[in-house]
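Peer 1: Test case, fold it:
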Amino acid sequence: MASLAGPSNPFPRPFNRRTQTQTRYDPRQSHGPGNGNNNGNTLTVTERRPADIVRINEREVRERKEDTNRKIASKKAISIILRREATKAVIEMKKGDSKKLLPRTVLEALHERITALRWESALKVFELLREQLWYRPNYGIYIKLIVMLGKCKQPEKAHTLFQAMVDEGCVVDREAYTALMSAYSRSGFLDKAFSILELMKKIPNCRPDVFTYSILIKSCLQFYEFGKVQSLLADMEVQGIKPNTITYNTLIDEYGKAKKFSEMESLLVQMLRKRECQPDVWTMNSTIRAFGGSGQIEMMEKCYDKFQKSGIEPTIKTFNILLDSYGKTGNYEKMSSVMQYMQKYHFSWTLITYNIVIDAFGRGGDLKQMEFLFRLMQSERIKPNCVTLCSLVRAYGNAGRIEKIGAVLRYVDNSDVMLDVVFFNCLVDVYGMMGCFVEMKGVIEMMKRRGCVPDKVTYRTMIKAYTMGGMNGHAKVLRKELASL
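Peer 2: Numbers count the residues shown, from 1 in each chain. The predicted structure is shown next:
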């Protein structure tokens with residue numbers, strides 16, 4: 001790609017830092033008090049006048065008053081913090097006088113759980129919220145909870161909350177019905193989702209809009225119900241609802257993921273013909289991801305150039321897609337060109353960028369470059385996550401460097417990285433591949449200490465390793481444990 005041309009050096013310097021320019025010493029400038037005319041032997045003494053003394057006294061009184069106010073504010077702050085901590089303790093344990101909790105703390109606790117998609121804990125806090133003396137039904141909270149339950153594949157619980165919302169007298173509008181419909185469609189209950197869509201058509205203030213249809217179209221595409229997608233698009237035309245850029249981007253993205261390139265290209269042509277639905281950076285990202293993910297690098301580059309020439313500027317996500325595509329096809333020279341381009345035009349690397357390049361060089365066996373990027377990542381104060389650690393472990397495993405895996409585990413022990421079952425499964429797989437059965441078995445103990453429960457993938461990976469190593473007795477024991485899950 002001509003537009004991404006740059007030096008082929010794969011070692012980028014640390015960025016996101018401002019270069020410090022050192023000020024040179026100039027003997028012609030004065031470096032002391034005065035105007036530089038005295039020779040250092042003259043000392044000027046200024047006598048204080050009564051007015052100066054009065055001003056000093058006033059300043060001292062003001063400073064003492066400010067200090068007193070700071071102490072009072074500090075005591076109030078400590079009191080508020082202690083009350084919040086007590087409220088949090090009640091929220092976690094749910095005992096004591098739980099009907100007079102601080103509104104702000106309860107709402108913060110609920111928001112934290114909704115954001116983290118901890119639906120069970122969020123519903124417990126919401127139940128506690130409804131018990132408060134100051135509680136009033138809130139439409140916004142209900143919508144957030146229903147959307148969260150949809151993301152967590154809990155449609156029935158979302159329906160229960162929807163009904164509670166109605167019972168408490170909240171206004172039920174298009175947004176509420178769309179959230180409920182989305183909860184069912186995300187879990188694959190498309191018939192139920194379509195029935196909600198039909199119900200919305202009959203309620204004057206809840207008629208579906210382009211956003212409602214776009215959500216349902218996306219769910220149908222994710223479950224490969226392409227026939228239903230066409231019926232939805234036809235229904236939109238009947239209802240007089242025109243697809244917008246979001247609708248087209250959803251279709252292009254999902255058709256690309258399904259590798260239906262002819263349909264994807266047809267949609268792009270349709271989009272270009274409509275003035276009200278001009279392609280944007282999301283369209284570009286979906287298109288190049290589709291071709292790059294399937295290894296069609298030349299087509300990906302052509303699309304990238306065409307989108308750029310049409311005036312669409314790439315974002316950090318665009319470059320991440322290019323890096324990922326080049327990395328997976330082993331095209332490290334072009335990958336390095338993208339890295340240099342990003343550095344030249346000040347695109348700050350994100351956690352995803354680092355994960356992509358670390359994984360790419362790890363898969364390619366370039367451990368030195370991989371380790372350099374990992375150190376650079378830490379120097380830029382970007383915190384590694386489980387994806388980063390899995391890439392390191394996998395690369396060291398492929399190179400047979402068991403001592404390096406130990407170094408990764410020591411890093412984990414000294415950091416606050418939240419480990420999940422995927423990381424431990426990666427560790428089990430690598431140890432099994434290397435024939436390190438003692439270390440592999442030790443991963444289970446490590447999981448228990450961390451409060452992480454082994455899943456079916458964990459057991460199947462261990463069974464495969466034991467079977468390939470001729471340890472059929474151990475494999476038989478694990479098969480029995482797997483059957484009981």
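Peer 1: buried sites along the helix or strand containing residue 264?
Peer 2: Residue 264 is part of helix 261-273 when elements are defined by DSSP states H and E. For helix 261-273, the neighbour count (16 or more other Cβ atoms under 10 Å) marks 261, 263, 264, 265, 267, 268, 271 as buried. Placement of C-beta: from N, CA and C, glycine included.
Peer 1: got it, and stretch 291-299?
Peer 2: Neighbour count says stretch 291-299 has 291, 292, 293, 296, 297, 299 buried, by 16+ other Cβ under 10 Å.
Peer 1: Residue 386 - nearest residue in space that isn't next to it in sequence?
Peer 2: Once flanking residues are discounted, residue 386 sits nearest to residue 423: 4.4 Å by Cβ to Cβ, 6 or more residues apart in numbering.
Peer 1: Do I have it right that the one you found meets residue 389?
Peer 2: Yes. Using Cβ atoms under 8 Å, residue 423 is in contact with residue 389, at 5.8 Å.
Peer 1: would you list every one of the helices in the stretch 201-350 of the chain?
Peer 2: In the stretch 201-350 of the chain, the helices defined using DSSP state H, counting those that start in this stretch lie at 210-222, 226-239, 245-257, 261-273, 281-293, 297-309, 316-328, 332-344.
Peer 1: Grab the CA positions of the last one and hand them over as CSV.
Peer 2: What it means is helix 332-344. Extracted C-alpha coordinates of helix 332-344, given in CSV (Å, rounded to 0.1, in the frame of the first residue of the first chain):
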residue,chain,number,x,y,z
TYR,A,332,5.7,-8.6,8.8
GLU,A,333,7.2,-6.1,6.4
LYS,A,334,3.8,-4.4,5.7
MET,A,335,2.9,-4.8,9.4
SER,A,336,6.0,-2.8,10.3
SER,A,337,5.1,-0.2,7.7
VAL,A,338,1.7,0.3,9.4
MET,A,339,3.4,0.6,12.8
GLN,A,340,5.8,3.2,11.4
TYR,A,341,2.9,5.1,9.8
MET,A,342,1.0,5.2,13.1
GLN,A,343,4.1,6.5,14.9
LYS,A,344,4.7,9.2,12.3
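Peer 1: Please state the offset of it from the chain centre?
Peer 2: 24 Å (Cα atoms, centre = their mean, to the nearest Å).
Peer 1: And for the longest one?
Peer 2: Average the C-alpha atoms of helix 226-239, do the same for its chain, and the two points are 32 Å apart (Cα atoms, centre = their mean).
Peer 1: Who are the packing partners of it?
Peer 2: helix 190-202, helix 210-222 (3 or more Cβ pairs under 8 Å, 6 or more residues apart in numbering; DSSP states H and E).
Peer 1: Give the buried residues for the first one.
Peer 2: Put plainly, it is helix 190-202. Result for helix 190-202 [16+ other Cβ under 10 Å]: buried residues 190, 192, 193, 194, 196, 197, 200.
Peer 1: What of the last one?
Peer 2: Buried residues in helix 210-222, counted by 16+ other Cβ under 10 Å: 212, 213, 214, 215, 216, 217, 218, 219, 220, 221.
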